[in-house]
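>>> With the input below, show me the fold.
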Amino acid sequence: MPIQQQYSLIRKLYTSQPREMLLDLSTLQRIGISSQRAASYARNGWLNRVARGIYAFPDNELSLAVGCCYLERQITCLHLGGGSALREVYGSDTSLVLWGDDRASLPRWFVERYSVRYVYAGLFDWRGDIKLRTTTLERRDGVLRSMPERALLEMLYEVGSNRDLLKAREYFYFVGEVCPLATGQLLQCCTSVKAVRLYLRLARQAQLLDVDKLLGLWNIRVGSERRWISRLKDGTTLCLGPHG
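Below you'll find the predicted structure:
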């Protein structure tokens, strides 16, 4: 390719794409840059190779927000969830957990770069209120994350496997306050009896909101009237009544 045409492609690349965006081969090919030419640009410093078929501009810091924005195009409602979404409220969480609405695996380069794991649990049945799927998420610092009402339920879903019950309880005291309307809607959509019952119990203990009023206003799935009993990883037994 003539040098003039080559620099024309580079100029088009630099002027047509956001500098903070990760570039895959489909994006580059729309500009007219083949996989071979992209590799050549990486060798010559015009691009940085992030992983096979994925590139970034040399001055791109590759923050978590950049990586998440890239994967949001592939995984429905990908967001920072559970305790990870509440780190600003209670900053002891060190691991990052991404949630999404698709059965998927995070790319190896993404996991290694950001030290995150992915959870798909079908925790909510959105058929009754599809808008709730997105209105309980917010974008802060460039990253889509759960609002506190949703994050607490996601966190409780993992109690006994990847979440310690004592730490989960502490979040209910540190979170400050939650929206009763959003809480009622989410509890009504929640498919996990354990998460719902544990939420009701901890909300009572922390006096976070009026649990009895919630139960009167919303059709919350608490299961049968029998107690829910499970043995946790640390050997303790979790016993939950239907109404917290």
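>>> domain parsing for this structure?
3-56, 64-240 (automatic domain parsing).
>>> Pull the distance from the first one to the chain's centre.
It stands for domain 3-56. 29 Å (Cα atoms, centre = their mean, to the nearest Å).
>>> Kindly report the same for the longest one.
The chain centre lies 9 Å from the centre of domain 64-240; the measure is Cα atoms, centre = their mean.
>>> Need the distance between the two termini of it.
37 Å (Cα to Cα, to the nearest Å).
>>> and the closest residue to Val143 other than its chain neighbours, what does it touch?
Leaving aside its chain neighbours, Val143 sits nearest to Ala65 (4.9 Å; criterion: Cβ to Cβ, 6 or more residues apart in numbering). Yep, even glycine has a C-beta here, placed from its N, CA and C like the rest. Contact analysis of Ala65 by Cβ atoms under 8 Å, 6 or more residues apart in numbering lists Glu20, Asp141, Gly142, Val143.
>>> Leu98 too?
Per Cβ under 8 Å, 6+ apart, neighbours of Leu98: Cys68, Leu78, His79, Leu80, Gly81, Ser84, Leu106, Val116, Arg117, Tyr118, Val119.
>>> What about the last one, how many residues nearby?
It refers to Val119. By other Cβ atoms under 10 Å, 15 other residues sit near Val119.
>>> quick one: it and Leu80 touch, right?
No - using Cβ atoms under 8 Å, Val119 is not in contact with Leu80; the gap is 10.9 Å.
>>> who touches both of those two?
Joint contacts of Val119 and Leu80 (Cβ under 8 Å, 6+ apart) are Val97, Leu98, Trp99.
>>> Could you list the paired strands of the helix or strand containing the first one along with their orientation?
Per DSSP states H and E, Val97 falls inside strand 96-99. Looking at strand 96-99 with DSSP bridges, its partner strands are strand 79-80 (antiparallel), strand 116-119 (parallel).
>>> out of the ones you listed, deepest packed?
Highest mean neighbour count of those: strand 79-80, a mean of 26 (counted as mean count of other Cβ atoms under 10 Å).
>>> quick one: which of the contacts of Ala65 is most hemmed in?
Val143 (22 neighbours).
>>> Put the alpha carbons of the lowest-mean-pLDDT helix or strand in the chain into CSV.
When each helix and strand of the chain is scored by mean pLDDT, DSSP states H and E, strand 228-231 comes last, with a mean of 76. Extracted in CSV, the C-alpha atoms of strand 228-231 (Å, rounded to 0.1, in the frame of the first residue of the first chain):
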residue,chain,number,x,y,z
TRP,A,228,-35.5,-22.5,55.0
ILE,A,229,-32.4,-24.3,56.3
SER,A,230,-29.0,-24.5,54.7
ARG,A,231,-25.5,-25.4,55.8
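>>> and the next element down the chain from that strand?
Assignment by DSSP H and E places the next element after strand 228-231 at strand 237-240.
>>> And what about Val50, helix, strand or coil?
What DSSP: H, G, I helix; E, B strand; the rest coil gives for Val50 is strand.
>>> Need the per-residue pLDDT for the spatially closest residue to it that is not a sequence neighbour.
Excluding the flanking residues, the one nearest Val50 by Cβ to Cβ, 6+ apart is Ala56, at 5.4 Å. As predicted, Ala56 sits at a pLDDT of 96.
>>> What is the three-state secondary structure of Cys77?
Classified using three-state DSSP, Cys77 is coil.
>>> Could you check how many residues crowd around Gln207?
10.
>>> Need phi/psi at it.
phi 50, psi 40 (degrees, to the nearest 10).
>>> quick one: it and Val178, what's the gap?
As judged by Cβ to Cβ, to the nearest Å, Gln207 and Val178 stand 12 Å apart.
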